[in-house]
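Participant: Fold the following and give me the result.
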Amino acid sequence: MTKNRPKKSNQSVEMDLESSTFSSMASISTDFSSTSSLPPGPSGLPVVGSVLEYKGPHTTLKWTEQYGPIYYVRMGNKSLVYLNTIELVEKYMEGRNGEQFLDRPMGPAAFGEGLLFGSGDKWKSNKRAFMKAMHTKTLLEDMEGAVQTELDIALDELHRRAAKGRPIKIGHTLLPACANVVSGFLLGGSLPLVCPERESLHKIIKNLEGVNLNSKLIQLTIKHPKMREPLKRLLFKDIVDVHGTSRRLQRLIRQWIRQTRTGVIYTSPNNPTQCPFHFPSATETSSSPENNGTNGNKVLSLSMPGQKTTVPDETLGNVSVDKDQSQEAMEETGVRTPTPEPDPTVKNREDVDDSVDSSDSQQVDDKSSDELDSDEDRITSPTTPRPLTRHFISTESLLTVPKDDARVEDIMQNEAQLTSLGFSSVAPGEQPFEPVEPTSLVDTPDCPKTPITEFQWQFGRPMSINESHHSILQRILAQPEFAGVTEDNDQELLQSLVDMFFGGVTTVLSGLEFVLMYLSKYTTMQMLAQQEISRVLAEHGDVKITWSMREKMPYLRACIVEGLRLGSVTPSSLPHVASVDAEIEEFIIPKNTFVVAGIYSMHRDPKEYIDANDFRPQRHLDEDGKFTSPRSFRPFGVGARRCVGETLAEMELFIFTASILRDFNLVSPPGSKKASQMETHMRIVHRLKDFKCLLQKRK
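Facilitator: Numbering: from 1, shown residues only. A predicted model of the protein is given here:
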């Protein structure tokens, strides 16, 4: 499956030590023997550079204070230039100069360009397809539906645990919810509470929780997967199988793709159930191989979760098994049925969960990356597999805009809410996703035509109305960039979807933990946020927090932003690679140099924030008490490489935080550390090491 990109065939890149988003084993060909043109920075040691000096994001802040807003550092055999002020980031990574620094090195265990680590035309094509798929009026509705469904499940579990009266690791409870929000958003509906797919997703995400990308063992086994099992036995230590976990996620996503195309989900060979996702009707032609000569205009009318329906027997042959599964797995006739509801006499789950530190001692899969998954990890599949035949519904209804002017105007009114996601109108000199009249583009010397400018991706027409409420995954599959893919050439599609999970789960979970931790330590600010929530709910006469309420909760939004600012879940941007020899201020930046936005330093810039290390939500409110987003605030990356799911993350953070504060008082356990003393560590993102709190139900 792994394919080397020709342009980076001499580079082997692991995850960056600073951002924990990738530490590099890259062999950069640039000669840095003469560094007089490079910015100042720590001298480091021969061979290893400044690796031994680095102790986490606090080290980068110290280097910023010591060497200034631009510094150069060598980590092992890679060289990085850090930009640590918003002025520099806006000028060189988000403006037109940022076009020079759009490339990235290959990520760990990556098998395609994808969204996170891609470069060049393939990356632009992938991101363009995803952005176009989300350019629909129903985007916010789809997002909120996924968030609200998983919120209800998470709150039930929090209430159950709160009744025990013991401090809990709230991240344990919120982790499955964060994972299922992403799957629900993609699929158009939540996975059933009890089903193999949901259970398999939870196992995958728990394994990812144990991935410490600063660990030399993890770095070594990422580069040499076959060494993982011998090292485990030699050192008597669990080592997360990053490659194996990635493959299991790929298999799960492939099944979702098949279910999206066929509308059928299997819980056992003899008990097919209606796919729980909300899809439109699909029409298949009589000439398609799936129909085997039967009546072609077969309609799959699918429902949302909670509706018990059946699927005709003739649909059972329309889904193929995963090509990654062995022949033995394909021939199995016994498929595990959903787990029954837990027996009340059995030991409570939290008694087990709370005894395990998810940060330091995660239970991981003991199998080598080359071994088969156990029965528990396999995804159910029909007993009579057939080759996958690509026959998707017409893309006309998914990609075209309505011709009714009134409806177009109605759609355009929603675009203001999507600007933070990168959707906007065409500006002079900018190339939109869709073709526009040549006269609408003006080419001037200071404003040349360019495919990507700043961080916004431009569109030449209104967003789709999506009358049939197609799922986001359906819309992605319908884009021209992915319209003809099969399982033999789906690396880019699969890698991009895997990237959505890496970014969409870990960043939100870490952000929620930081926000809730600060509010548990600062009880006065927690009380002010709760009073604001109660006042807004009283005005609406509602008991449910909705995304539309955010404008009436400026103080809560300020608390969330302040928690994200101090938490800095991504302490630096993923490295941007200079595609040409470039200049930053008076310094020469050779081609292939890594250029990184020092987000941790930006979020603590004393020129931007008074008493920058203090938790002060009020700093984000103007004189009228309205919320104002700080200029030097980039929690989800910079420039054109910002996360495509940024709005989903913001919505999830707001609704989850507000709903938890509505139901509970967050109490810091007696004897716990102050907020400034809380330990953090680097997993896939910057995480709190051991955050526990008491949940007291509010009356």
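
Participant: State the phi and psi torsions of Asn665.
Facilitator: phi -90, psi 130 (degrees, to the nearest 10).

Participant: I should have written Phe664 there, sorry.
Facilitator: Phi and psi for Phe664, reported as degrees, to the nearest 10, are phi -130, psi 150.

Participant: Kindly state the beta-bridge partners for the nearest residue to it once chain neighbours are set aside.
Facilitator: Leaving aside its chain neighbours, Phe664 sits nearest to Leu695 (4.4 Å; criterion: C-beta to C-beta, 6 or more residues apart in numbering). Any C-beta I mention is one placed from the backbone N, CA and C, and that applies to glycine too. Using DSSP bridges, the bridge partners assigned to Leu695 are Leu666.

Participant: Around the closest residue to Leu45 other than its chain neighbours, how many other residues sit close by?
Facilitator: With C-beta to C-beta, 6+ apart as the criterion, Leu45 has its nearest non-adjacent residue at 6.9 Å, and that residue is Leu52. Per other C-beta atoms under 10 Å, the neighbour tally for Leu52 reads 9.

Participant: and the gap between Leu52 and Asp488?
Facilitator: Leu52 sits 46 Å away from Asp488, taking C-beta to C-beta, to the nearest Å as the criterion.

Participant: what comes up buried for the strand or helix carrying Asn126?
Facilitator: Element membership for Asn126 (DSSP states H and E) is helix 120-133. Going by neighbour count (16 or more other C-beta atoms under 10 Å), the buried part of helix 120-133 is Lys122, Trp123, Lys124, Ser125, Asn126, Lys127, Arg128, Ala129, Phe130, Met131, Lys132, Ala133.

Participant: go on, stretch 84-92?
Facilitator: Counting neighbours by 16+ other C-beta under 10 Å, one finds that the buried residues in stretch 84-92 are Asn84, Thr85, Ile86, Leu88, Val89, Glu90, Lys91, Tyr92.

Participant: how close does the fifth one sit to Ser659?
Facilitator: The reference is to Val89. To Ser659, Val89 is 33 Å away according to C-beta to C-beta.

Participant: Repeat that for the last one.
Facilitator: Between Tyr92 and Ser659 the computed distance is 40 Å (C-beta to C-beta).

Participant: Tally up the residues packed near Ile684, please.
Facilitator: Applying other C-beta under 10 Å, we find 25 residues neighbouring Ile684.

Participant: Leaving out chain neighbours, which residue sits closest to Ile476?
Facilitator: Nearest to Ile476 is Ala133, by C-beta to C-beta, 6+ apart, at 4.4 Å.

Participant: List the residues that contact the one you found.
Facilitator: Counting by C-beta atoms under 8 Å, 6 or more residues apart in numbering, Ala133 makes contact with Ile472, Arg475, Ile476, Ala478, Gln479.

Participant: Which ones among those residues lie within helices?
Facilitator: Ile472, Arg475, Ile476, Ala478 (DSSP state H).

Participant: what sits against the residue lying closest to Leu688 once chain neighbours are set aside?
Facilitator: With sequence-adjacent residues excluded and distances taken as C-beta to C-beta, 6+ apart, Leu688 is closest to Glu513, at 5.0 Å. Going by C-beta under 8 Å, 6+ apart, Glu513 touches Ile170, Gly171, Leu174, Gly567, Arg687, Leu688, Phe691.

Participant: Which of these fall within strands?
Facilitator: Counting by DSSP state E, the part of the contacts of Glu513 found in strands is Arg687, Leu688.

Participant: could the contacts of Glu513 go into CSV alongside pLDDT?
Facilitator: As requested, the contacts of Glu513 are arranged in CSV below (pLDDT from 0 to 100):
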residue, pLDDT
Ile170, 94
Gly171, 92
Leu174, 95
Gly567, 96
Arg687, 92
Leu688, 93
Phe691, 94
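
Participant: Closest one of the contacts of Glu513 to Gly598?
Facilitator: Gly567 (15.3 Å; C-beta to C-beta).

Participant: got a list of what the closest one touches?
Facilitator: Listed by C-beta under 8 Å, 6+ apart, the contact partners of Gly567 are Ser510, Gly511, Glu513, Phe514, Val515, His686, Leu688.

Participant: Need these in CSV (columns: secondary structure).
Facilitator: As requested, those are exported to CSV (DSSP: H, G, I helix; E, B strand; the rest coil):
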residue, secondary structure
Ser510, helix
Gly511, helix
Glu513, helix
Phe514, helix
Val515, helix
His686, strand
Leu688, strand
